[in-house]
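Student: Sequence plus the predicted model coming up.
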Amino acid sequence: MFDVETGSTRNCEGVNRREFLRVGALTAFGLSLPAILRHEALASGARKPISAILLWMNGGPSQLDTFDPKPDAPAEIRGEFGSIPTKIPGLRVTEYFPRLAACVDRYSVLRSVTSPDNGHETATHYLLTGYKFTPAIEYPSYGSVIQRELSSRSEMPGYVLLGGYPFGYGGAGYMGGTYNPFTIEGNPGNDGFRVRDVSLRGGVPLERVRRRQTLLHALDGFQREVEASEVKAMDSFQEKAYALVTSPRAKEAFDLSRESPVLRERYGLTNFGQSCLLSRRLIESGVRFVTVNAGGWDTHQDNFSSLRSARLPEVDLGYSALLEDLHARGLLESTLVIWMGEFGRTPKVNPSAGRDHWGQAMTVCMGGGGLRTGIVVGETNERAEEPKTRPIRVEDIAATIYHAFGIDASKEYMTPQNRPVRINYDGEPVRELL
């Protein structure tokens, strides 16, 4: 659930989203980027120039009330919403997705994704990493792996997270803070929106920042003599952060006022819609992976009223505008767009007119980035309880993402305990999308 007053996310079990330590703070500038940018020194050679945008529906969206309606099912299964046809024969979506129905040729629908996990935190870890949760080790998210494997195409961070960590996950896990995302809180559509480390704090003049940079170098002299190699390495990341905070390109990327009012309205003047627009600008500026964390999908009560009034219209506007905008700019072929949450919802409506957690059947949408669009893979049974054909595991979703980026999913990393771990355990890319 999203608390409108506090702006915080709390799940149905009453657990606040975990706050994560921002590493590598550069207090002279109020920066937290140097350690995040450290990945540049470790990045491998140039690869296929693919980027990705993950639209994360935090809380778990109902498959029946989005992309897998069952119009012929009993009312307690079907729910309150009608359904509408799409360009794909036999594919119907909720009546509140008219724009997504019209542009279904820009994405593909995986209707038979299945997971054994029904817990928010553990399922989020599973869907964002491709690894089942274990308390022994936290696995890295897709964005962190991609940031490690692929070199940056600009001075921008490789991985950006809009809206904060979903239920505490989405970071680098055992790989360490170096590969954590550059995290942005707040609504990018609000007047006065500022991004930490890109906008100078408190109106500090750029010349003062330059003077502080010079002072920092002077004060670090003694430490350089004591820990010369480490400080030299850190200096390079401090310089990179300094370059970002003073970069006109970075400022432009985060400045939505440069977009026309008409286009901004097309995305929807909501946090989700403007975050989708910002994600497109970030991809254009060279960011490899952007996650948009959109809460409000944990609908144990009043499922239909909350989806009808906010969640569904926001997604219809923002998701469809993103796809069409990327296509119009010639970016969809090089940008993988993913829509998913941590699980689906129960087929049967509960006494509070809500739907509860249901991992056995969920829908994931993928398209762009070289993957096929305009197709449906798999189907669920008549009550959307479980896959009827072509079950797709979470590991297969992970393998498909890595395949799109040209990343060898069998490659092994070493944990801090010197344990070799594959990027992807045993997933197979969804062949229908290739």
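Tutor: Looks like it arrived, so ask away.
Student: all strands for the stretch 201-350 of the chain, in order.
Tutor: Per DSSP state E, counting those that start in this stretch, the stretch 201-350 of the chain has strands spanning 289-294, 335-340, 344-345. These are given in chain order.
Student: Deepest in the core, which of the ones you listed is it.
Tutor: Neighbour counts (mean count of other Cβ atoms under 10 Å) averaged over each of the strands of the stretch 201-350 of the chain peak at strand 344-345, with a mean of 30. Bear in mind the C-beta positions are built from the backbone N, C-alpha and C, glycine included.
Student: quick one on the thing from earlier: out of the strands of the stretch 201-350 of the chain, flag the one nearest Thr134.
Tutor: Proximity to Thr134, assessed across the strands of the stretch 201-350 of the chain by Cβ to Cβ, is greatest for strand 335-340 (21.4 Å).
Student: can you list contacts of the closest one?
Tutor: Applying Cβ atoms under 8 Å, 6 or more residues apart in numbering, the contact partners of strand 335-340 are 50-57, 107, 113, 127, 283, 315, 319, 322-323, 326, 362-371, 397, 401, 404-405.
Student: So among those residues, which ones count as buried?
Tutor: 50-57, 107, 113, 127, 283, 315, 319, 322-323, 326, 362-371, 397, 401, 404-405 (16 or more other Cβ atoms under 10 Å).
Student: Just the contacts of strand 335-340: which are in helices?
Tutor: Leu127, Ile283, Val315, Tyr319, Leu322, Leu323, Leu326, Ile397, Ile401, Ala404, Phe405 (DSSP state H).
Student: The residues you listed into TSV, with extra columns for pLDDT?
Tutor: Output for these, formatted as TSV (pLDDT from 0 to 100):
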residue	pLDDT
Leu127	98
Ile283	96
Val315	98
Tyr319	98
Leu322	98
Leu323	98
Leu326	98
Ile397	98
Ile401	98
Ala404	98
Phe405	97
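Student: would you turn the strands of the stretch 201-350 of the chain into JSON lines with mean pLDDT and distance to Arg194?
Tutor: Formatted as JSON lines, the strands of the stretch 201-350 of the chain follow (pLDDT from 0 to 100; distance: least, Cβ to Cβ, whole Å):
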{"stretch": "strand 289-294", "mean pLDDT": "98", "distance to Arg194": "18"}
{"stretch": "strand 335-340", "mean pLDDT": "98", "distance to Arg194": "26"}
{"stretch": "strand 344-345", "mean pLDDT": "98", "distance to Arg194": "36"}
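Student: Any idea which of those strands gets closest to Glu428?
Tutor: strand 335-340 (17.3 Å).
Student: List the strands paired with that closest one, with their directions.
Tutor: With DSSP bridges as the test, strand 335-340 is paired with strand 51-57 (parallel), strand 362-367 (antiparallel).
Student: I'd like the distance from it to the chain centre, please.
Tutor: With Cα atoms, centre = their mean, to the nearest Å as the basis, strand 335-340 stands 8 Å off its chain's centre.
Student: next one: stretch 112-129
Tutor: 15 Å.
Student: Tell me the buried residues in that stretch?
Tutor: Applying 16+ other Cβ under 10 Å to stretch 112-129 flags 112-115, 117-129 as buried.
Student: go on, stretch 371-390?
Tutor: For stretch 371-390, using 16+ other Cβ under 10 Å, the buried residues are 371, 373-380, 383-385, 387.
Student: Can you tell me which of those comes closest to Glu428?
Tutor: Nearest to Glu428 among the buried residues of stretch 371-390, with distances taken as Cβ to Cβ, is Val377, at 12.9 Å.
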